[in-house]
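K.L.:
Output the structure for:
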Amino acid sequence: PRDWSSDVCSSDLQASRALSLVSHCASGTWVTVLLALVAFSLWRHAWFFHDDAYITLRYARHLVTLGEPVWNPGEWVEGYSSMLHLALLAAAGKLLGVQGSGWMAVARGLNAAAALTLVAACGHAAHVLTRGDGLGRRVALLVLAASAPLWVWLLGGLEAVLAAAWVSLARSEEHTSELQ
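P.N.:
Presented below is the predicted three-dimensional model:
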């Protein structure tokens with residue numbers, strides 16, 4: 001008589017390998033889709049820089065060059081909306097030795113770092129809230145990647161992405177603490 005158990009085990013092993021391969025390919029596919037959505041949004045809105053961001057950049061530039069966060073030397077008027085954003089811009093600008101139009105790149109770079117933080121925090125929160133379900137985390141990250149306003153604000157130079165990153169970090173940590 002033939003031992004069928006070895007055939008069953010062999011077919012289970014093959015099915016497991018096939019599922020693993022499909023899962024790996026799907027993983028790569030979703031990352032490709034995510035990156036394509038982000039790239040398209042950034043390309044589509046690359047020209048955008050919010051006019052109000054120039055106000056904060058002027059204050060940051062004066063903080064670096066004059067040692068004071070002022071619009072004009074000797075005029076003590078607070079015209080920026082976020083002191084933290086202004087301080088981070090000034091620190092990055094001073095560290096990088098920024099001159100002239102390079103301040104736009106500093107604002108976008110700071111927002112890019114904040115966007116990466118936001119994506120990581122949202123991915124972590126989704127992982128925790130879905131109790132490790134990879135699909136739930138993927139869906140959350142795809143929804144975030146498809147959010148054109150996020151990428152427009154990243155390019156716009158204001159502090160919205162930085163604020164969203166801080167809130168997401170706090171909420172992510174809160175969810176982690178609640179579920180432990």
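K.L.:
Check the offset of the helix or strand hosting L95 from the chain's centre.
P.N.:
Assigned by DSSP states H and E, L95 falls within helix 83-96. Counting by C-alpha atoms, centre = their mean, to the nearest Å, helix 83-96 is centred 19 Å from the centre of its parent chain.
K.L.:
For that helix, buried residues please.
P.N.:
Neighbour-count burial for helix 83-96 flags H85, L86, L88, L89, A90, A92, G93 (criterion: 16 or more other C-beta atoms under 10 Å). Yep, even glycine has a C-beta here, placed from its N, CA and C like the rest.
K.L.:
neighbours around the residue nearest to the fourth one when sequence neighbours are not counted, how many?
P.N.:
I take that to be L89. Distances taken as C-beta to C-beta, 6 or more residues apart in numbering put A60 closest to L89, at 4.0 Å, once the chain neighbours are dropped. For A60, the neighbour count with other C-beta atoms under 10 Å is 26.
K.L.:
can you pull out the helices in this protein?
P.N.:
Shown for the chain, the helices assigned by DSSP state H span residues 5-44, 53-66, 83-96, 102-129, 134-145, 148-156, 160-178.
K.L.:
hey, C-alpha coordinates of the last one in CSV?
P.N.:
The one in question is helix 160-178. Extracted C-alpha coordinates of helix 160-178, given in CSV (Å, rounded to 0.1, in the frame of the first residue of the first chain):
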residue,chain,number,x,y,z
ALA,A,160,0.9,71.5,8.8
VAL,A,161,2.9,68.3,8.1
LEU,A,162,5.1,68.9,11.1
ALA,A,163,2.0,69.3,13.3
ALA,A,164,0.4,66.2,11.9
ALA,A,165,3.6,64.2,12.6
TRP,A,166,3.7,65.3,16.2
VAL,A,167,0.0,64.5,16.7
SER,A,168,0.4,61.1,15.0
LEU,A,169,3.4,60.3,17.1
ALA,A,170,1.5,61.1,20.3
ARG,A,171,-1.6,59.1,19.2
SER,A,172,0.6,56.2,18.1
GLU,A,173,2.3,56.1,21.5
GLU,A,174,-1.1,56.4,23.2
HIS,A,175,-2.5,53.4,21.3
THR,A,176,0.6,51.4,22.1
SER,A,177,0.2,52.2,25.8
GLU,A,178,-3.5,51.4,25.8
